[in-house]
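Student: sequence? don't have it. structure:
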């Protein structure tokens with residue numbers, strides 16, 4: 001049975017998407033039509049559904065020159081944070097689900113992931129390089145409180161002294177403070193906290209179930225005080241909506257204890273473009289046309305440019321100006337100092353394969 005896309009364009013409490021775009025892999029599509037008969041109104045809220053999927057492989061590999069890692073682990077598919085701009089939304093189509101509301105309400109928890117990772121780290125010829133947790137959706141989304149898969153992965157990586165990087169916008173990361181502190185003592189972890197805006201009202205619809213701006217700054221402060229290398233990722237920068245906050249975000253992050261920072265431009269691959277534009281029309285109709293016009297000026301007239309070297313930064317005068325502002329602000333607030341970055345370089349030399357399941361000897 002093909003899931004029928006919702007196209008009512010209704011803003012729902014605690015959800016980012018306003019509709020379910022058609023799954024591009026589905027063989028058929030359907031459209032609601034008002035035929036004059038009574039129809040039940042769309043609910044104003046949607047419950048989260050979770051299904052479990054047995055893990056076949058733990059590590060995902062990439063060769064992208066835009067990324068500082070070549071392997072990652074994703075404990076969950078879909079993300080309840082519901083960020084309307086999330087570049088990972090199109091991946092939900094591979095599971096016969098919509099990148100819209102389905103992405104944030106119909107989630108998949110991967111079971112057996114830690115056991116599979118243990119097996120892969122034990123393989124002959126495995127070469128240790130930092131693992132990014134997670135590269136697609138947030139490892140500390142609300143679902144983690146129930147499944148604790150991220151916690152178990154960190155414990156395994158500590159056991160075998162394997163370095164890991166984390167990017168999150170979830171306050172749940174503080175639950176694992178002791179694990180992170182133990183990893184940091186052996187130069188095995190770096191954390192980047194995603195900052196998008198300091199405007200709580202904007203955050204409420206842009207990232208409905210992610211941690212508040214104040215909570216994310218508290219995460220940075222707590223991690224820094226615990227001796228855990230932590231930085232801020234200003235992402236995504238949205239032209240005409242959040243770009244004016246760049247310097248304030250970097251200053252707030254530095255004041256909280258961040259030592260490094262990065263930024264990424266809004267990305268609108270595949271179904272994300274119509275979802276984001278619908279969100280703009282619903283929540284910021286007076287700015288929608290201006291924001292989309294600015295985005296296209298960064299992207300050579302298109303909604304998105306997937307080329308390596310362009311997809312994260314854009315191009316043109318505005319992109320160059322944004323990069324200049326970022327670098328100048330980092331210098332002003334003491335971020336990205338080469339000496340500090342060198343001191344925080346992760347150690348890959350101490351890795352030892354973990355004990356395989358069923359080992360008789362320690």
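Tutor: Yes, it's here. What you are looking at is a predicted structure, and each value in this text was computed from that prediction instead of being measured.

Student: all helices of the protein, in order?
Tutor: 101-105, 113-121, 144-147, 149-159, 177-185, 200-206, 213-225, 246-256, 272-283, 288-298, 317-333, 338-343 (DSSP state H).

Student: ok and the second one relative to helix 149-159, angle-wise?
Tutor: If I follow you right, that is helix 113-121. Put simply, helix 113-121 runs at 30 degrees to helix 149-159, going by axes from the mean of the first three to the mean of the last three Cα atoms, to 10 degrees.

Student: For helix 113-121, buried residues please.
Tutor: The neighbour-count check on helix 113-121 (16 or more other Cβ atoms under 10 Å) flags 113, 114, 116, 117, 118, 121 as buried. Placement of C-beta: from N, CA and C, glycine included.

Student: now the shortest one
Tutor: Counting neighbours by 16+ other Cβ under 10 Å, one finds that the buried residues in helix 144-147 are 144, 147.

Student: How about the fourth one?
Tutor: Buried residues in helix 149-159, counting neighbours by 16+ other Cβ under 10 Å, are found at 149, 150, 151, 153, 154, 156, 157, 158.

Student: Now the buried residues of helix 113-121 in TSV, please, with extra columns for pLDDT and distance to residue 46.
Tutor: Shown next, in TSV, are these (pLDDT from 0 to 100; distance: Cβ to Cβ, whole Å):
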residue	pLDDT	distance to residue 46
113	97	26
114	97	30
116	97	31
117	98	32
118	97	36
121	97	38
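
Student: least trustworthy helix or strand in the protein by mean pLDDT?
Tutor: The helix or strand of the chain with the lowest confidence, counting by mean pLDDT, DSSP states H and E, is helix 338-343 at a mean of 86.

Student: neighbouring contacts of that one?
Tutor: Helix 338-343 has contacts (Cβ atoms under 8 Å, 6 or more residues apart in numbering) with 259, 260.

Student: I figured residue 170 hits residue 144, correct?
Tutor: Yes. Using Cβ atoms under 8 Å, residue 170 is in contact with residue 144, at 7.5 Å.

Student: between the buried residues of helix 149-159, which is nearest residue 88?
Tutor: Set against residue 88, the nearest of the buried residues of helix 149-159 by Cβ to Cβ is residue 150 (16.3 Å).

Student: Distance of the closest one relative to residue 69?
Tutor: Residue 150 is 16 Å from residue 69, where distance means Cβ to Cβ, to the nearest Å.

Student: cool, residue 229 as well?
Tutor: Distance, residue 229 to residue 69, by Cβ to Cβ: 15 Å.

Student: Same check on residue 262?
Tutor: According to Cβ to Cβ, residue 262 and residue 69 sit 13 Å apart.

Student: what do you get for residue 21?
Tutor: Here the criterion is Cβ to Cβ. By it, residue 21 lies 30 Å from residue 69.

Student: and what of residue 287?
Tutor: From residue 287 over to residue 69 the distance is 35 Å, taken as Cβ to Cβ.

Student: So for those two, which sits in the more crowded spot?
Tutor: Ranked by neighbour count (other Cβ atoms under 10 Å), residue 287 and residue 69 place residue 69 first, with 17 against 14.

Student: Test my guess that the more buried one contacts residue 163.
Tutor: No. Contact criterion Cβ under 8 Å: residue 69 and residue 163 do not qualify, at 10.0 Å.

Student: any residues in contact with both of those two?
Tutor: Shared contacts of residue 69 and residue 163, defined by Cβ under 8 Å, 6+ apart, comprise 129, 130, 131.

Student: Now do the contacts for the nearest residue to the second one once chain neighbours are set aside.
Tutor: Leaving aside its sequence neighbours, residue 130 sits nearest to residue 163 (Cβ to Cβ, 6 or more residues apart in numbering; 4.4 Å). By Cβ under 8 Å, 6+ apart, the residues touching residue 163 are 128, 129, 130, 131, 157, 187, 188, 189, 346, 347, 348, 351.

Student: what's the answer for residue 63, then?
Tutor: Contacts of residue 63 by Cβ under 8 Å, 6+ apart are residue 70.

Student: Next: the one 3 residues further on.
Tutor: Contacts for residue 66 were tallied using Cβ under 8 Å, 6+ apart; they are 308, 309, 311, 312.

Student: Quick one, grab the pLDDT at it.
Tutor: According to the prediction, residue 66 has pLDDT 87.
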